[in-house]
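Asker: This is a predicted model, with the sequence first.
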Amino acid sequence: MNVDKILSDTVAKKIWHQYFRRVKRCAKPLKSNQQEELILEIQDHLLESFKQETGEKEAEKLLNAIDKLGDPEEYLRPMIADRLLSSASSTLNPKTVFKGLYYDLFGNIKSFLLSLAFSLGYLAAFVFAVLSILKIFFPDNIGFFINENGGVLVGIIGGESLKTDILGFWDIPLGLLVSSIIYLVLTRNLKVVKRGMTSPTG
Amino acid sequence: MSKKDSTEKIGKWESQVRKGMLDFIILICLEKREYYGYELIKAIKDTTEINVSEGTIYPLLNRLKNDKFITSKWVEMETGIPRKYYQLTQGGKKLLTNMKNSWKQFSNAVQQLMEEQ
């Protein structure tokens, strides 16, 4: 949209560009076509609202319209988190998962708690995967052991000399399998997080 | 409770009720005809006096669209700037019918409760 055709006042133009720099920054995690559509829609809204404003100074009218529309950082966050989580749920792309959870983390308390719970689940999946790989290098210290008193020890174990490694190198495929299952279950159920997301109803 | 406190409390409660109905109100509006974002928020504000930041309508529209209750299309305007119009899908129509029934049941129940007292 060529704003120069619509606004003549340089201050108003500056305000417009500043606002849409913020919108663009917020929309960055989205795909380029989604970014473009979102920006066009917000531009259309702001322009319509600007036209409805009464007053003489363009800058003042634009500021009023912006005030009614709100901060893009606030109103776009739930929308972007929603789109990212929808995309993550179908593509299983970890980058999109974490971006979506990050965007959702700062919504309302419910979305914060749900995002936090899912993040901890992903952390567990990551720990299982890392431990499985480290088992190759530290076979005597990582795994599923039983010590001399019959106690069960799981994870990174040091200083216990008399312990029995129950699974041996089976820890590796099993750990990777558990990690994958946790990741798949969490990612396919990201809609739970979406349901708890911020809405205008608070 | 002073008169001022009571007015404030009612104002807050009304605002919460109205905001909680936004999804329902959006669907009701879209049942009649298609709307674009600004037009929709204006229609909602004018009829319900809901005072929300206008931007909050977009995450709601986005979610309704993701859930396939509404759909959107771009329409090229005379000014050359495309405009995004939203309309109700068959799923949205079904949801709205169910919401209307629930609303009727709920409001009747509340009405009955008030009349009993």
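Answerer: Okay, I see it.

Asker: from here on, contacts and neighbour counts on C-alpha atoms
Answerer: Will do.

Asker: burial measure for the closest residue to B:Glu34 other than its chain neighbours, as a count.
Answerer: Setting aside the residues directly before and after it, B:Glu34 is nearest to B:Gln87 in space (Cα to Cα, 6 or more residues apart in numbering or on different chains), at 4.8 Å. The burial count assigned to B:Gln87 is 20, neighbours taken as other Cα atoms under 10 Å in any protein chain shown.

Asker: so B:Gln87 sits right up against B:Tyr35, yeah?
Answerer: Yes: checked against Cα atoms under 8 Å, the pair B:Gln87 and B:Tyr35 is within contact range at 7.0 Å.

Asker: circling back: how far away is the residue nearest to B:Glu34 from chain A?
Answerer: 15 Å (Cα to the nearest Cα, to the nearest Å).

Asker: so that residue, which of the three states?
Answerer: When classified by DSSP: H, G, I helix; E, B strand; the rest coil, B:Gln87 comes out as strand.

Asker: ok, it - contacts?
Answerer: With Cα atoms under 8 Å, 6 or more residues apart in numbering or on different chains as the criterion, the residues that contact B:Gln87 are B:30-31, B:33-35, B:70-72.

Asker: show me where the chain has helices.
Answerer: Chain wasn't specified; assuming chain A. Counting by DSSP state H, chain A has these helices, from start to end: A:10-27, A:32-52, A:58-69, A:72-91, A:94-105, A:109-137, A:171-188, A:191-195.

Asker: other chain: chain B
Answerer: B:3-20, B:22-32, B:37-48, B:57-66, B:90-116.

Asker: quick one: which of those is nearest A:Asn147?
Answerer: helix B:57-66 (52.7 Å; Cα to Cα).

Asker: when you scan that closest one, is anything in it near chain A?
Answerer: Yes: Helix B:57-66 comes into contact with chain A when judged by Cα under 8 Å from any Cα of the partner chain, the residues involved being B:57-60, B:62-63.

Asker: how far off helix A:32-52 does that helix point, in degrees?
Answerer: 140 degrees (axes from the mean of the first three to the mean of the last three Cα atoms, to 10 degrees).

Asker: so who does A:Arg188 touch?
Answerer: By Cα under 8 Å, 6+ apart, the residues touching A:Arg188 are A:89-90, A:92.

Asker: Just the buried ones among those residues, please.
Answerer: Among the contacts of A:Arg188, those classed as buried by 16 or more other Cα atoms under 10 Å in any protein chain shown are A:89, A:92.

Asker: from the contacts of A:Arg188, which single one is nearest B:Lys42?
Answerer: With Cα to Cα as the yardstick, the closest approach to B:Lys42 among the contacts of A:Arg188 comes from A:Ser89, at 34.1 Å.

Asker: And B:Val75, how close does it get to chain A?
Answerer: Applying Cα to the nearest Cα, one obtains 11 Å for the distance of B:Val75 from chain A.

Asker: Next one: the residue nearest to B:Tyr38 when sequence neighbours are not counted from A:Ala65, what distance?
Answerer: Closest residue in space to B:Tyr38, ignoring its immediate chain neighbours: A:His45 at 5.2 Å, by Cα to Cα, 6+ apart. With distances taken as Cα to Cα, to the nearest Å, A:His45 is found 9 Å from A:Ala65.

Asker: and what of A:Asp165?
Answerer: Between A:Asp165 and A:Ala65 the distance, using Cα to Cα, works out to 68 Å.

Asker: how many neighbours does B:Glu76 have?
Answerer: The burial count assigned to B:Glu76 is 11, neighbours taken as other Cα under 10 Å.

Asker: residues in contact with the closest residue in space to it that isn't next to it in sequence?
Answerer: Taking Cα to Cα, 6+ apart, and ignoring the residues beside it in sequence, B:Glu76 has B:Pro82 as its nearest neighbour in space, at 4.3 Å. With Cα under 8 Å, 6+ apart as the criterion, the residues that contact B:Pro82 are A:40, B:74-76.
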